[in-house]
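Novice: Fold the following and give me the result.
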Amino acid sequence: MTASRSAFFYCLLNAKLMFTPVKRIYQLMTDPYLITDDQTGIEAITLWQTQLFITQNPYHNLLKEALIRLIYQDVGTEGSDQIKSDVAVTAKKHLMESELDFLDQPDADVQTLNVYLSELINMIATELNQPFWPDDAESETTLIESWYHVTRHGGYHDIHSHPNCSWCGIYYLQSDGTDFDERSGINRFYDPRTNADHFLDAGASYLNANGILDIEPAEGQVVIFPSYLMHSALPYFGEQDRIVIAFNARVDLV
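Specialist: Residues are numbered from 1 along each chain as shown. Model (predicted):
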């Protein structure tokens, strides 16, 4: 095992070290407006927040080339609408998708990524859920599905969510061709409150200020989000292939 990988597994064993760089960056439910004070006697209660997390894979440079090589070996010479999973085929255009077990293969670099992502989700889930778990409970996270997307010019993935799991993620392996200003190849997340806009007047302005969240892909970046959160990959117009690895996870108490 190389020194870099030894350091990698050391980080995984230290929950505080790993959780520190993971930052909660957005709450798609509105933040509390602190109108409470001693004079009014009004208490503000924030309900049903949706949290999304972003971090940087510290081992991206170590893994990138090997993972891309494996992906293109699997892609082969077939066309640009190759959906091996056979899932939601009509929602995807000009992209290649693997079967849903990409991170299960025994390759050492693939398993390094699998362990890193599993432990990352486990730390996030533990931080959020510990108050609701039995005392001294310990958890284990399993990536139950994982796949790559190789998206070419004009490719997109329509709005969707991920069933049969609690947490999902996207790892940006190659994204130099994306353009945030043009909204080319970005991921868009949608407000989960389905009836928040059923009546729009001045009194509801604060509810509709953040109906969507656009995230600019950055190589090595990992986005973790709850499975119910609707999202899409907007049409991509770069020349270099846009490559991501996506994954679904479940968390169990052990």
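
Novice: tally of neighbours for Thr90?
Specialist: Residues lying near Thr90 (other C-beta atoms under 10 Å) number 7. Glycine gets a C-beta too; all of them are placed from N, C-alpha and C.

Novice: so it sits in a strand?
Specialist: No: per DSSP: H, G, I helix; E, B strand; the rest coil, Thr90 lies outside any strand segment and is helix.

Novice: Need the per-residue pLDDT for it.
Specialist: At Thr90, the pLDDT value in this model is 94.

Novice: Kindly report the same for the one 10 residues further on.
Specialist: As predicted, Leu100 sits at a pLDDT of 98.

Novice: and what of Thr36?
Specialist: Reading off the model, Thr36 has pLDDT 52.

Novice: before we move on, what about Arg193?
Specialist: 87.

Novice: swap in the one 3 residues further on?
Specialist: Per-residue pLDDT puts Ala196 at 81.

Novice: Doesn't Asp74 lie inside a helix?
Specialist: Yes: the assignment for Asp74 by three-state DSSP puts it in a helix.

Novice: I'd assumed Ser98 was in contact with it.
Specialist: Yes: counting by C-beta atoms under 8 Å, Asp74 does reach Ser98; the two are 5.8 Å apart.

Novice: Leu63 and Met123, how far apart?
Specialist: 19 Å (C-beta to C-beta, to the nearest Å).

Novice: Give me the three-state assignment for Met123.
Specialist: helix.

Novice: how about low-confidence regions in the stretch 1-150 of the chain?
Specialist: Applying pLDDT under 70 to the stretch 1-150 of the chain flags residues 1-38, 77-80.
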